[in-house]
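# with the input below, show me the fold.
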Amino acid sequence: MTERYVRYRDPRTGRPVFGLLEDNMVTRLAQEPWLNPETTGESIRLEQVSLMAPVEPTKIVCVGLNYRAHVTMSQSSDKAPDYPLLFLKPPSAIIGPGERIIYPEQTERVDYEAELGIVIGRTAKNIGIDAVNNAIFGFTCVNDVTARDLQKKDGQWSRAKGFDTFCPVGPWIVRGLDYRDILVEGIHNGEVRQSGRTSQMIFEVPFLISYISSIMTLYPGDLISTGTPSGIAPMKPGDTVAVRIEGIGTLENRMA
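The predicted structure follows:
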């Protein structure tokens with residue numbers, strides 16, 4: 001059985017709070033769900049709240065070229081990597097569902113990338129593959145927005161991936177999801193442009209978490225974005241892009 005957790009603005013105070021979403025009702029939590037999932041008993045209908053990105057991570061660890069079909073179409077490499085290709089996005093890049101992606105003046109091409117996001121639930125360092133599930137809190141949708149021309153020009157990806165608004169996340173975190181073979185789609189102006197299954201990843205979720213934790217300590221609430229299927233393409237102002245993941249839902253944003 002899965003559970004859905006949201007982060008939203010308290011209608012009375014405007015402060016960010018977490019809630020458990022059940023049957024279109026949001027019941028407020030006392031703390032972050034990975035610290036204490038107990039509810040306060042206060043409930044509100046989902047349509048009465050403004051959803052925010054469901055995480056405030058210390059870091060966003062992203063994986064490049066993790067689907068073979070994407071590697072084939074990529075301009076960054078002509079062969080699959082021998083080990084996970086990691087890069088970081090700053091937490092300042094995060095926006096929530098419905099928020100606007102800003103087109104930076106420095107770039108001439110901005111792409112969407114639909115990805116499965118992993119939310120860490122407990123501190124993890126040098127964790128073995130067999131213990132990885134204990135470190136996972138849940139899963140969410142991520143759009144790894146990228147300034148493609150700057151990625152190619154710079155030779156490293158910090159600027160291209162790190163602009164403000166370049167990491168839409170949401171609409172919620174799903175706990176208890178069987179992530180091993182689910183559909184990940186990128187939808188551009190209503191048309192499905194990306195479609196891949198997590199079973200097609202070069203490096204699977206347990207290996208990724210174990211590998212990353214051997215390099216850096218993962219903390220509760222940290223976010224790992226696991227790579228994108230083939231079919232990435234540019235967006236322009238006014239476009240709508242959605243990330244739809246089986247068992248989670250749809251994250252939709254417009255480009256301003």
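# can you give me the helices in the stretch 101-250 of the chain?
Assigned by DSSP state H, counting those that start in this stretch, the helices in the stretch 101-250 of the chain fall at 148-154, 158-162, 205-213.
# between those helices, which one is nearest to residue 237?
helix 148-154 (16.0 Å; C-beta to C-beta). Bear in mind the C-beta positions are built from the backbone N, C-alpha and C, glycine included.
# for that closest one, buried residues please.
Within helix 148-154, the residues scored as buried using 16 or more other C-beta atoms under 10 Å are 148, 149, 150, 151.
# same thing with stretch 43-55?
46, 49, 51, 52, 53, 54, 55.
# stretch 57-67 too?
57, 59, 60, 61, 62, 63, 64, 65, 66, 67.
# picking that back up, of the helices of the stretch 101-250 of the chain, which is nearest residue 171?
Nearest of the helices of the stretch 101-250 of the chain (C-beta to C-beta): helix 205-213, 20.6 Å.
# ok, residues contacting the closest one?
61, 63, 83-84, 86, 118, 120, 124-129, 132-133, 135-136, 179-180, 198, 203, 218, 224, 226 (C-beta atoms under 8 Å, 6 or more residues apart in numbering).
# thinking again about what came up before, what would the buried residues of stretch 57-67 look like in JSON lines with secondary structure and pLDDT?
Converted to JSON lines, the buried residues of stretch 57-67 look like this (DSSP: H, G, I helix; E, B strand; the rest coil; pLDDT from 0 to 100):
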{"residue": "57", "secondary structure": "coil", "pLDDT": "98"}
{"residue": "59", "secondary structure": "coil", "pLDDT": "98"}
{"residue": "60", "secondary structure": "strand", "pLDDT": "99"}
{"residue": "61", "secondary structure": "strand", "pLDDT": "99"}
{"residue": "62", "secondary structure": "strand", "pLDDT": "98"}
{"residue": "63", "secondary structure": "strand", "pLDDT": "98"}
{"residue": "64", "secondary structure": "strand", "pLDDT": "96"}
{"residue": "65", "secondary structure": "coil", "pLDDT": "95"}
{"residue": "66", "secondary structure": "coil", "pLDDT": "97"}
{"residue": "67", "secondary structure": "strand", "pLDDT": "96"}
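# shaky segments in this structure?
Low-confidence segments of the chain (pLDDT under 70): 72-78.
# what segments of the stretch 151-256 of the chain are strands?
For the stretch 151-256 of the chain, the strands defined by DSSP state E, counting those that start in this stretch cover 167-175, 183-188, 191-197, 223-225, 234-235, 240-245, 249-255.
# take the ones you listed and lay them out in JSON lines including distance to residue 92 and mean neighbour count.
Below are the strands of the stretch 151-256 of the chain laid out as JSON lines (distance: least, C-beta to C-beta, whole Å; neighbours: other C-beta atoms under 10 Å):
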{"stretch": "strand 167-175", "distance to residue 92": "9", "mean neighbour count": "27"}
{"stretch": "strand 183-188", "distance to residue 92": "23", "mean neighbour count": "21"}
{"stretch": "strand 191-197", "distance to residue 92": "25", "mean neighbour count": "16"}
{"stretch": "strand 223-225", "distance to residue 92": "13", "mean neighbour count": "27"}
{"stretch": "strand 234-235", "distance to residue 92": "20", "mean neighbour count": "18"}
{"stretch": "strand 240-245", "distance to residue 92": "20", "mean neighbour count": "22"}
{"stretch": "strand 249-255", "distance to residue 92": "16", "mean neighbour count": "19"}
